[in-house]
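S.K.: Mind folding the following:
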Amino acid sequence: MTKTNTMNKRFTRKLRRSLRKTLLADIDCFRQLKNATVQETKDGPAIYIDRGASVLAVGHLDTVLFNKNYSINGDRILNCPQLDDRLGVWVILYLLPILYPDFRFDILLCDSEEVGLSTGQHYPIDKQYNWGFEFDRAGTDSVVYDYQSEHWVNEIKTFSDVGIGAFSDISYLEHLGCKFVNVGVGYHNQHSPNCYADLNETLFMVDSFAQWGIASQDTHFPHQKTAKQSSWIAEDYFCKWCQDYCDDEQLLCIDCQRELLELSWPSSNDYLKDDEIDDFGFDNLDMMIRKDG
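M.R.: Numbers count the residues shown, from 1 in each chain. Okay, here's the model as predicted:
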C-alpha cells in the first residue's frame, strides 16, 4: 500500500495542539471530556462517551513509559513512548471527528491495558453495537484477535493488510456480541524510549479505515464468543509484548517478565495536569468531542 506524504497539509495548528495535549495529559484530564461517564475500578477508570452511535471506538490511556521531552522532526514524532496508545486516543478524539464528521462512533477509554487488565471490560455497556475498532497497533496492518471469521477478515482486507496480534483492550469485549478490529496507527518500537511515529502512516491508515467505516457503520457484524483457553489467545499462547510463544497461559513470556521488572513505570506524577501543560508550551485547549445535534 502506497503512503503519500500529505500529513503536513492537513496537520493544522488545532490538530497539533490537540495531539500535544493528548500525549502529555494525566489520565484524570480525560475524565473531563464532554458527556463522559466514568466507571471506577481497582485497575483505574473506564471512561465512556455515548454519542448515540452504532459503532464503538476504544483506546487506552496508560503507557509503559513517558517522556514529556519528545521531539517532532517533520512528519515524525521521536522518542515518545506514550504514543502507545495516546496516538490512537488522539485519532478517535480529534483526528477522525475533524477529518470525517460523518463517521459516528461512541468512545471507550481504558486504563491498565499494558498489564493485561484493561478496565474497559468493567464498563456496563448495555447497547448493541454493529462493530468496533481500536487504533492500538504498530505499523500499518490490522489484527482481529479472537474476532476471526472469513467474512470479517475479508472486510478488513478492503482497507488494510491483516496481521497476527496478541492482545489489546478489544480482546476483553467479546461479550458485546459484535466484531472488533485493531488498526495500525503508525507508531514503531513501542514499549521503548525510542518509540516513534510516522504521521504519514497514521493519516494513511485513518483515511483508508474511515472510508470503509463510513460505508459500513450501519452494517452489523455479529460475533459469538467461543470457549477458548483465554481471551487474548487464538490457537496458541502468545506473549503480549513480543508476540512470541509462551510456555503456558500467561500474559508475558519469561524474557518480557524480566524486562517488566526492570522498567520504571510512569506514575500519576509523571503526566501533566492541564495547567502544567499550558506552562509547558501551549495554550489550554478544551477536549473537543463534537456534540451531536
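S.K.: neighbours around L199, how many?
M.R.: Per other C-beta atoms under 10 Å, the neighbour tally for L199 reads 26. Just so you know, the C-beta spots here come from the backbone N, C-alpha and C atoms, and that holds for glycine as well.
S.K.: Return the distance of it relative to F66.
M.R.: With distances taken as C-beta to C-beta, to the nearest Å, L199 is found 20 Å from F66.
S.K.: Is L109 within a helix or a strand, and which one?
M.R.: Using DSSP states H and E, L109 sits in strand 106-110.
S.K.: strand partners of that strand, parallel vs antiparallel please.
M.R.: Applying DSSP bridges, strand 106-110 is found paired with strand 44-49 (antiparallel), strand 55-60 (parallel).
S.K.: If we go by neighbour counts, what in that strand is buried?
M.R.: Buried residues in strand 106-110, counted by 16 or more other C-beta atoms under 10 Å: D106, I107, L108, L109, C110.
S.K.: H60 is in contact with the fourth one, correct?
M.R.: Yes: distance between L109 and H60: 7.2 Å, which falls inside the contact criterion (C-beta atoms under 8 Å).
S.K.: any residues in contact with both of those two?
M.R.: Residues touching both L109 and H60 (C-beta atoms under 8 Å, 6 or more residues apart in numbering) are V89.
S.K.: Now do F30 against D75, distance only.
M.R.: Using C-beta to C-beta, F30 is found at 26 Å from D75.
S.K.: And I47, by the same measure?
M.R.: I47 is 29 Å from D75, by C-beta to C-beta.
S.K.: beta partners for the residue found closest to I49 once you drop the neighbours it is linked to in the chain?
M.R.: Nearest residue to I49 in three dimensions, chain neighbours excluded: I107, at 4.2 Å (C-beta to C-beta, 6 or more residues apart in numbering). Applying DSSP bridges to I107 gives these bridge partners: I49, A57.
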